[in-house]
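Enquirer: pasted the sequence and its predicted model underneath.
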Amino acid sequence: MELMVYLVPLFPLLGFLLNGIFRKSLSKSMIGIIGCGSVLASFIVSCILFIDIKSGGALQVQPLFQFINLPSVKVDFAFQADQLSSLFLLIITGVGFLIHVYSTSYMHEENENHFARYFSYLNLFVFSMLLLVLGANYVIMFMGWEGVGLCSYLLIGYWYKNDNYNYAANKAFIMNRIGDAAFLLGVFWVFSKLGTSNYADVFANTSKFSTAEITGITILFLIGATGKSAQIPLYTWLPDAMAGPTPVSALIHAATMVTAGIYMVARSNALYSLSPVSENLVAIIGIATALLAATIAIKQNDIKKVLAYSTVSQLGYMFLGLGVGAYTGAVFHVMTHAFFKALLFLGAGSVIHALNQQDMRYMGGLKKYMPVTHITFLAACLAISGIPPFSGFFSKDEILAAAYSANPVYWALGVLGAGLTAFYMFRLYATTFLGEFRGTEEQKHHLHESPIAITLPLLILAILSVIGGFINVPAVLGGSSEMHHFLSPVLLKEKSVELNHSTEFILMGVSAGVSVIAILIALFRYSKKPELGEPQGLGKVLANKWYIDELYDAVVVSPLSALGSFFKNVIEKSGVDGLVNGVGTFIQYSSRRLRLVQNGKVGTYILLMVFSIVVLWLAFWNQTTITEFFQKIF
Amino acid sequence: MPIQYYIILAAAIFCIGVTGVLVRRNAIIIFMSIELMLNAVNLLLVAFSKMHYAVASAATKNMEVNTGTDAQLFVFFIMVVAAAEVSVGLAIIVMMYRNVRSIDVNFLNRLKN
Amino acid sequence: MTATEILFWFLSALALFSALMVLISKNPVHSVLWLIVVFFAISGHYILLNAQFLAIVNLIVYAGAIMVLFLFVIMLMNLNNASEPQRNSLIKLAGVVAGCLLLMVMVSAVRSAGEISHSQATSDGGIGLIENLGTVLFTQYVVPFEISSVLFLSAMVGAVVIGKK
């Protein structure tokens, strides 16, 4: 068992290298086999690891080699396979494998070269993500953290010939960099205090920090997490990231990468639990993001944009869970969310694949053309809306229960958000699958159910979305909260929720009831006559995403580019360029003048020689004076 | 005679030679100025030779000494070299005159290129 | 004032004046003649310094051979005062200033050198005689002497080659 941990990231790395290096010579089927096979292999290893850890395997930290070895700083390249990371391994490799399989069909129209590029990026992403969750210290985590950011950038800009996609990729990368910088500062802070960043050492020595320091470090970490996990204020990149291929959106921008922030905060629960300020900040950011993104999602017409804002909103829920101390709930929600959001994206991809159209207003009535996609999509919608007994119900309920015990206001806002979630998801569902088909005749003619490589992952994910919640049934519903027990060795600072059963039943009932009402309203409103026109009033504000992008443009981007153009046009052009060009011009001018001295006439040369001799002689006699002069200068 | 007189005389003749090189354009006059400089150096060498001889013979009290012979032989060699130099230099000047019909050194400004 | 001193001053003045006249004369032939006067004055100095051999060689080689060569070339080219173009006066002034500066520097160097301020250049002793010089030349300096013959040979060949072109 000891040796197997490094195998998990090794397979995707090999897949990346093979596909990347031989991308010109491999056939498409070979590329698909390498891409999927490497992830499948690491999924199998992850399963073995998981079973081993679940049965009490002793493995904790496995150092591979010394990564940085300085007198003051020692960083091991070490992997830590514990309960938390093994769970994430399963999610990443499992969902990742399904999405790889899906991609072989979805991306089949690309030529070999780009097909291989796509799969090598995807494998690199899986590798980086595994590095992120397996690292036994913050430095390795940061390497993975940067790696997934890079892959996200590469895959958003996968169709690099479209400028808008490249801008979206840049936006994602730059937004992430802001967060990364904060995260890095936090890691440096930890280093400067402890000289190590190993999780075990850091969490064992939290007493060496003052509360203010812990608050500072955790807030820096939180800023990093808001970048990666698309929370206020750094969330705007995620909706734009939908420029990438749909499977990429499913894998990176829904199921795995964006949960890196949640993983990091959950991993650092020992730090966060010591700083109430940070905890409250996490919760407030989470709930605010959840509500803001949910309201925006209501008025979006692009099917992927709705899902993107839905992702942002669900990530907000996870942060709420982290903030109120329900770490298990947050991780649980990561898992269920990975299932149903990947399913939603893949289903949307299936629709887009069939229609070549992303605008919901030109869909409708797909129910009878794409039955498998329809039924799986419905399952995912129910799951995300929190309808019992679908998986989303359990995870969301756990977060909401913890929120209620922390502060009922969080709970009330959370329920409101859940209602909004149900509403916009069924608006999406109704507009897309119900009613009459509103596309062109040609599209209608080509409508078909997607091939098996697409529907099979859909079905598997649908099953997981339906039953995924049962692994952590709360005690009040007769379960044993297995996940709590499993994760308790890692999430030591989990706050236990002390609610009596009747209160808990009422909470569940209220949230489920709100969701059901929202679903009914949505179905009633949109199944027969979906809104096709341009929204007015508040709707227009929502459709324009609260004008947050415009606000950022006005507050951050415009002043920065104004400053940039000031530096470019004034400082650079007249200052730096003036100086540099001035030197050049001066040299040119003086050389033109000086050139006349070198007129080829021997007499002139001799004259200069004589003058030089005189000067040298004078210098020789006065050398003490000259030496003193230079000594004074230097 | 004090050695300084000779030094200053030789320096003066040398500087006249230098000035000649600088102000005249006639290659032959320039050549003659160079000869002037050589002679200034010769004069100085002989004067120093006698100075060293005087110092050495004063130190050894009427014994026969040869100090200073070297310098005079140097002068002899300088004359030898000067003779060779003049023969070649004049040949060059004649050739130049044959080519450009002038012995103005400013015609020889090909160094510019 | 002894006869030697009188002779020294006279010869010095003659040498300097003739040297200046070499530069000033417009006609190259006059320059050559003034240069011969300079050589005579310098030979006189040699004799004052009791270096008779060099004085004679100076007269024979310089004033005799080399100057005749100069005259020969000048006459061959038929140069006269009109034939030489004048430099512009600024360059001339610069040249004169440069020469004067050089002289000033040298003189001040000599005046500031304390070691030689009391040394005398004597006029006794026989080191300048042919006997002494010949002995040293053909014993100690025989190799340079022979090499100088090679120098002459190559100069001769060079002159012939250049002249033939």
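Expert: Happy to help now that I have it.
Enquirer: quick check: the most centrally placed residue in chain B vs residue A:256, distance?
Expert: Centroid-nearest residue in chain B: residue B:38, 0.1 Å away (criterion: C-alpha atoms, centre = their mean). In this structure, residue B:38 and residue A:256 are 93 Å apart, going by C-beta to C-beta, to the nearest Å. From N, CA and C alone the C-beta is placed, and that goes for glycine too.
Enquirer: and for residue A:245?
Expert: In this structure, residue A:245 and residue A:256 are separated by 15 Å, where distance is defined by C-beta to C-beta.
Enquirer: before we move on, what about residue A:600?
Expert: Distance, residue A:600 to residue A:256, using C-beta to C-beta: 76 Å.
Enquirer: neighbour count winner among those two?
Expert: residue A:256 (28 against 13; other C-beta atoms under 10 Å in any protein chain shown).
Enquirer: list the buried residues of the host helix or strand of residue C:10.
Expert: Counting by DSSP states H and E, the element that carries residue C:10 is helix C:3-24. For helix C:3-24, the buried set under the neighbour-count rule, 16 or more other C-beta atoms under 10 Å in any protein chain shown, comprises C:8, C:11, C:12, C:14, C:15, C:16, C:18, C:19, C:20, C:21, C:22, C:23.
Enquirer: out of these, who's nearest chain A?
Expert: Comparing the buried residues of helix C:3-24 against chain A with C-beta to the nearest C-beta places residue C:23 closest, at 13.8 Å.
Enquirer: contacts only, for the most centrally placed residue in chain C.
Expert: Averaging the C-alpha coordinates of chain C gives a centre point, and the residue nearest to it by C-alpha atoms, centre = their mean is residue C:39 (5.7 Å). Shown in contact with residue C:39 (C-beta atoms under 8 Å, 6 or more residues apart in numbering or on different chains): B:39, C:58, C:59, C:62, C:63, C:67.
Enquirer: helix/strand/coil for the closest residue in space to the last one that isn't next to it in sequence?
Expert: Closest residue to residue C:67 apart from its sequence neighbours, by C-beta to C-beta, 6 or more residues apart in numbering or on different chains: residue C:36 at 5.2 Å. In terms of secondary structure, residue C:36 is helix; the call rests on DSSP: H, G, I helix; E, B strand; the rest coil.
Enquirer: what's the burial count for residue C:36?
Expert: Residues contacting residue C:36 under the criterion other C-beta under 10 Å number 21.
Enquirer: let me see the confidence value for it.
Expert: Each residue has a pLDDT score; the one for residue C:36 is 92.
Enquirer: what of residue A:57?
Expert: 65.
Enquirer: same deal with the one 10 residues further on?
Expert: pLDDT, the model's per-residue confidence, is 87 for residue A:67.
Enquirer: repeat that for residue A:419.
Expert: At residue A:419 the predicted local confidence, pLDDT, stands at 91.
Enquirer: max-length helix in chain B?
Expert: helix B:27-60 (DSSP state H).
Enquirer: for chain C, which residues are neighbours of chain A?
Expert: C:87, C:91, C:94, C:95, C:98, C:99, C:101, C:102, C:105, C:109, C:112 (C-beta under 8 Å from any C-beta of the partner chain).
Enquirer: which strands or helices does the helix or strand hosting residue C:106 pack on?
Expert: With secondary structure defined by DSSP H and E, residue C:106 is part of helix C:89-112. Counting contacts by 3 or more C-beta pairs under 8 Å, 6 or more residues apart in numbering or on different chains; DSSP states H and E, helix C:89-112 is packed against helix A:602-621, helix B:3-23.
Enquirer: between these, which one is nearest to chain C?
Expert: Across these, the minimum distance to chain C, taken as C-beta to the nearest C-beta, is reached by helix B:3-23, at 2.9 Å.
Enquirer: and the angle for the closest one with helix C:3-24?
Expert: 10 degrees (axes from the mean of the first three to the mean of the last three C-alpha atoms, to 10 degrees).
Enquirer: for the residue in chain C positioned nearest to chain A, the count of nearby residues, please.
Expert: With C-beta to the nearest C-beta, the shortest gap between chain C and chain A falls at residue C:98, namely 4.5 Å. Residue C:98 has 24 neighbours, counted by other C-beta under 10 Å.
Enquirer: how about the contacts made by it?
Expert: Contacts of residue C:98 were listed using C-beta under 8 Å, 6+ apart, and they are A:607, A:610, A:611, A:614, B:18, B:19, B:22.
Enquirer: which of those count as buried?
Expert: Using 16+ other C-beta under 10 Å as the burial test, these include A:607, A:610, A:614, B:18, B:19, B:22 as buried.
Enquirer: can you redo these as JSON lines with pLDDT and distance to residue A:137?
Expert: Conversion of the buried ones among the contacts of residue C:98 to JSON lines gives the following (pLDDT from 0 to 100; distance: C-beta to C-beta, whole Å):
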{"residue": "A:607", "pLDDT": "82", "distance to residue A:137": "74"}
{"residue": "A:610", "pLDDT": "85", "distance to residue A:137": "74"}
{"residue": "A:614", "pLDDT": "87", "distance to residue A:137": "72"}
{"residue": "B:18", "pLDDT": "90", "distance to residue A:137": "79"}
{"residue": "B:19", "pLDDT": "90", "distance to residue A:137": "83"}
{"residue": "B:22", "pLDDT": "86", "distance to residue A:137": "79"}
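Enquirer: for the residue at the greatest distance from the centre of chain B, give me the pLDDT.
Expert: Distance from the C-alpha centroid of chain B peaks at residue B:61, with 34.5 Å (C-alpha atoms, centre = their mean). Turning to residue B:61, the model gives it a pLDDT of 72.
Enquirer: and the residue of the stretch 201-350 of chain A found nearest chain C, how far is that from residue A:261?
Expert: Taking C-beta to the nearest C-beta, chain C has its nearest neighbour within the stretch 201-350 of chain A at residue A:220, 71.9 Å off. Look at residue A:220 and residue A:261: by C-beta to C-beta, they are 13 Å apart.
Enquirer: equivalent analysis for residue A:596, please.
Expert: 70 Å.
Enquirer: what residues of the longest strand seen in chain A count as buried?
Expert: Scanning chain A for the strand with the most residues, using DSSP state E, yields strand A:61-69. Of the residues in strand A:61-69, those buried under the neighbour-count criterion (16+ other C-beta under 10 Å) are A:61, A:62.
Enquirer: could you list every helix and strand in contact with the following helix or strand past that strand?
Expert: Sequence-wise, the next helix or strand downstream of strand A:61-69 (DSSP H and E) is strand A:74-80. Applying 3+ C-beta pairs under 8 Å, 6+ apart, one finds that strand A:74-80 contacts strand A:61-69, helix A:138-156.
Enquirer: can you list contacts of stretch B:13-24?
Expert: Counting by C-beta under 8 Å, 6+ apart, the neighbours of stretch B:13-24 from elsewhere in the structure are A:603, A:606-607, A:610, B:29-30, B:32-37, B:39-41, B:43, C:15-16, C:19-20, C:22-23, C:38, C:84, C:87, C:91-92, C:94-96, C:98-100, C:102-103, C:106.
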